[in-house]
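> Structure, please.
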Amino acid sequence: MTEQDVTPGQDDEQQIEVTAEQVDAAVDRLKSEENFSLAMITGGIASLIGAGIWAAITIATEYQIGWLAVGVGFLVAITIRQTGKGMSQKFQVLGATLALLGCVLGNFFTICGFIAQSEAMGFFEIITQINPAAIPDLMAATFSPMDLLFYGIAVYEGYRLSLRQISEDELIAEIEAG
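Presented below is the predicted three-dimensional model:
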């Protein structure tokens, strides 16, 4: 195995020599901190919160702001990154999937909110009374081709930002601890 120099930080003039085995062992220890179940739960909650914020803003302004989809993707991804500490692709797929779910639910909650206003009913009353078979038609009626762009950006953000980011300093600290 070859050895490489790793500099702990820019202000630190001392260099330590690290082997590939040390790096692999440190990465394995960091991977052992992954928690996919927690990432699913907290990511799902973030998706619901993002959808609720999306609907609340859209109902209040009576205007659908596409950038809310980006916010949903970001919220979901950062939540998954922080709680799941994932370093494998399944965390990215989870982030993308839950970001898309949050966007779709945001649109659905918005529709339910507008129906609740027009019928002078409560939001949760509408949610519980809506015919599930009618949901695809409702979603199609409010769909805009621009939704695809923003959904795509949200999915991309959910995918790209869901992985744990490890700084050089964290890696060196893990190597030194190991």
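> CA atoms of the one helix or strand residue 18 maps to as CSV?
Residue 18 is part of strand 16-19 when elements are defined by DSSP states H and E. C-alpha atoms of strand 16-19 as CSV (Å, rounded to 0.1, in the frame of the first residue of the first chain):
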residue,chain,number,x,y,z
ILE,A,16,0.6,13.1,9.4
GLU,A,17,1.2,10.1,7.2
VAL,A,18,-1.9,8.0,6.7
THR,A,19,-2.2,4.6,5.1
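> So which elements touch that strand?
Helices and strands touching strand 16-19, as assessed by 3 or more CB pairs under 8 Å, 6 or more residues apart in numbering; DSSP states H and E, comprise strand 3-6, helix 168-177. For every residue, glycine as well, the C-beta is placed using N, CA and C.
> Partner strands of that strand, with direction?
As defined by DSSP bridges, the strand partners of strand 16-19 come to strand 3-6 (antiparallel).
> Show the average pLDDT along the partner strand.
Throughout strand 3-6, pLDDT has a mean value of 49.
> What is the neighbour count of residue 152?
Using other CB atoms under 10 Å, residue 152 has 14 neighbouring residues.
> my bad, should have said residue 145
Look at residue 145: counted by other CB under 10 Å, it has 6 neighbours.
> Pull up the per-residue confidence for it.
Value for residue 145, per-residue pLDDT: 91.
> show me what contacts residue 100?
Residues in contact with residue 100 (CB atoms under 8 Å, 6 or more residues apart in numbering) are 151, 154, 155, 158.
> TSV please, covering those and showing neighbour count.
TSV is the format used below for the contacts of residue 100 (neighbours: other CB atoms under 10 Å):
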residue	neighbour count
151	20
154	32
155	19
158	31
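> Kindly indicate which of those lies nearest residue 140.
Ranked by distance to residue 140 (CB to CB), the contacts of residue 100 are led by residue 151 at 14.4 Å.
> chain center to the helix or strand hosting that closest one: distance?
Take DSSP H and E as the rule and residue 151 turns out to sit in helix 145-160. With CA atoms, centre = their mean, to the nearest Å as the basis, helix 145-160 stands 12 Å off its chain's centre.
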